[in-house]
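Chemist: The sequence and its predicted three-dimensional model are supplied below.
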Amino acid sequence: MLVHLSNKRLLLPFITVFVVILLLFMYGLSQSTSSTDIDYHDNQNEISRSTYSIQNTAIVHQVKLTKEQWETCLQPGSSPSEYISIVIVTRTDDYAGGQHHRLQNFIDSTFLLAEKSRQKIEILFIEWNPPEKRRRLIDAFRYRYSPYLTYRIITIPPSLHAIVKNRGNSPLHEFEGKNVGIRFARGEFVVCTNQDDIWSHNFINAVQSKVFKKDVIYIQHQAAHNIHDNLPPSIVRLPAFPDDEVIYDSCQLGEQKWGEYVLPDPITVTSKNYNEIENKTTTMNILNAADQAGDFTMAHRDTWKIPRGYREEGGVAWMDIEFICTAAWTHDIDVVYVKPGFTCHQEHSNIWESNKEAMNDNRDIDMSKIERKEKVYMNKEGEWGLSNYDIYKEGLGCVEFHGGLAL
């Protein structure tokens, strides 16, 4: 009996500590789950969002935010809160077939970028003109949690799409959408890319090394997208549902000294033909340098705004190249060309080239006149990135989240 009581006395301190820890945990959980950023309970209890969960992603877009909540979601901040903002423009229309797994690969590759670089990153999706009878982005894809990664989706509704300039009845405006992302991005540096790309080891290392500077435009080498056989290293063909190792290893593009990435020096871009260029190590023809600029162009958040983003004409193609012309020649901004590049393109059929009517008209643009500063092609001040529209009245949507699954 004495031994039994002695054992109880020995166990009592451990039991007390366990009970205290359990009570503290339960208190913390109750505090966190009662804290709401947005009150979704007004929608007949169909959606419940705490700091940790959105219970029904299928109807998030039906929730009407207050003006204050909406402005908070869009707020870029007077100073950056992230190191990198990654902007893509997309919609769930199965672009070029197999869109779902290519975009999921992009999302997973960005998760790996955040985890391996350990720098604060946001993906800023511009969901342009969502098609009817299809799931929205937030409901169609998997978004994993990382302490270094934030997700935001800005939705451009059909009402806004209907009043924006449109060539060839295009359902999506890449450059107008990227400008919206540039306008609201929270990152110190803003990358405009496409949904078919994944990040190379070079970019992961460069982000980890924090090598980027203000007043520079960063572009890269990437092989032409009309290659569908005997793929070069910067064009990859990934299966559906690849694991992280497959995604990560598919786009290496060189050996790394991690944390010690070194950027090349700026180049001179020119409208001269290749044979007319004297020093080919420091000078490149603009069409060669910026050929795939739509898949990667990056600059400081303030540097993007000097040329006022991409010129908005409501069509596809060309404006990514013209932006480099305007930045380099009209505003004398340095251009750094990275080869091997920062992304790999996931191979798919070339759909956009078949709609000639949707292409921006550059037939009368003489690039040499831009280079000689005789012609300037820019958006008007205050008339880009939907700045000249009442986007709240037109129903532009915004949601921010951190990914993961609630348990």
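Modeler: Here it is on my side, so go on.

Chemist: low-scoring stretches of the protein, by residue?
Modeler: 1-52, 352-353 (pLDDT under 70).

Chemist: Could you report the neighbour count for E357?
Modeler: When neighbours are defined as other CB atoms under 10 Å, E357 has 9 of them. In short, each C-beta sits where N, CA and C put it, glycine included.

Chemist: nope, T66 is what I was after
Modeler: By other CB under 10 Å, 10 other residues sit near T66.

Chemist: got the contact list for the residue nearest to V338 when sequence neighbours are not counted?
Modeler: Excluding its sequence neighbours, the residue lying closest to V338 (CB to CB, 6 or more residues apart in numbering) is Q220, at 4.5 Å. If you count contacts by CB atoms under 8 Å, 6 or more residues apart in numbering, Q220 has them with Q292, D295, F296, Y337, V338, K339, G341, F342, T343.

Chemist: Identify the residue spatially nearest to the last one, adjacent ones excluded.
Modeler: In this case it means T343. Nearest residue to T343, sequence neighbours excluded (CB to CB, 6+ apart): D197, at 4.2 Å.

Chemist: residues touching that neighbour, list them.
Modeler: F106, S109, D295, F296, T343, C344, H345, Q346.

Chemist: Could you give the number of residues near the spatially closest residue to I391 that is not a sequence neighbour?
Modeler: What sits nearest to I391 in space, not counting adjacent residues and going by CB to CB, 6+ apart, is L160, at 6.9 Å. Applying other CB under 10 Å, we find 22 residues neighbouring L160.

Chemist: So L160 belongs to a helix, correct?
Modeler: Yes. Membership of L160 in a helix is supported by DSSP: H, G, I helix; E, B strand; the rest coil.

Chemist: so it makes contact with E394?
Modeler: Yes. If you go by CB atoms under 8 Å, L160 and E394 touch, sitting 4.7 Å apart.

Chemist: what about the strands in the chain?
Modeler: Taking DSSP state E, the strands of the chain run over residues 82-90, 121-128, 149-156, 187-192, 197-199, 216-220, 235-236, 268-270, 283-285, 297-300, 334-338, 343-346, 397-401.

Chemist: So which of the ones you listed is the most surrounded?
Modeler: Comparing the strands of the chain by mean neighbour count (mean count of other CB atoms under 10 Å), strand 197-199 ranks first with a mean of 28.

Chemist: burial measure for N362, as a count.
Modeler: Around N362 there are 16 residues (other CB under 10 Å).

Chemist: wait, what's in contact with it?
Modeler: Counting by CB under 8 Å, 6+ apart, the residues that N362 touches are W318, E322.

Chemist: cutoff 6 Å now
Modeler: N362 is in contact with W318, counting by CB atoms under 6 Å, 6 or more residues apart in numbering.

Chemist: how far away is it from L263?
Modeler: In this view, N362 and L263 are 30 Å apart by CB to CB, to the nearest Å.

Chemist: if we can go back for a sec, export the contacts of D197 to a markdown table and tack on distance to W384?
Modeler: Compiled in a markdown table, the contacts of D197 are given as follows (distance: CB to CB, whole Å):
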| residue | distance to W384 |
| --- | --- |
| F106 | 25 |
| S109 | 29 |
| D295 | 21 |
| F296 | 21 |
| T343 | 25 |
| C344 | 30 |
| H345 | 27 |
| Q346 | 29 |
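
Chemist: and which of those is nearest H331?
Modeler: Using CB to CB, F296 comes nearest to H331 of the contacts of D197, at 19.8 Å.

Chemist: Quick check: phi and psi at the closest one.
Modeler: phi -160, psi 110 (degrees, to the nearest 10).

Chemist: for it, what are its contacts?
Modeler: Neighbour list for F296: T193, Q220, F342, T343 [criterion: CB under 6 Å, 6+ apart].

Chemist: Looking at those, which is nearest N202?
Modeler: N202 has its nearest neighbour among these in F342, at 5.6 Å by CB to CB.

Chemist: The closest one against F203, yeah?
Modeler: Yes. Using CB atoms under 6 Å, F342 makes contact with F203 at a distance of 3.8 Å.

Chemist: now for the contacts of F296, which pair is the farthest apart?
Modeler: By the measure CB to CB, the contacts of F296 have their two most distant members at T193 and Q220, which lie 10.1 Å apart.

Chemist: burial measure for the closest residue to I198 other than its chain neighbours, as a count.
Modeler: Closest residue to I198 apart from its sequence neighbours, by CB to CB, 6+ apart: S109 at 3.9 Å. Counted with other CB under 10 Å, residues neighbouring S109 total 24.
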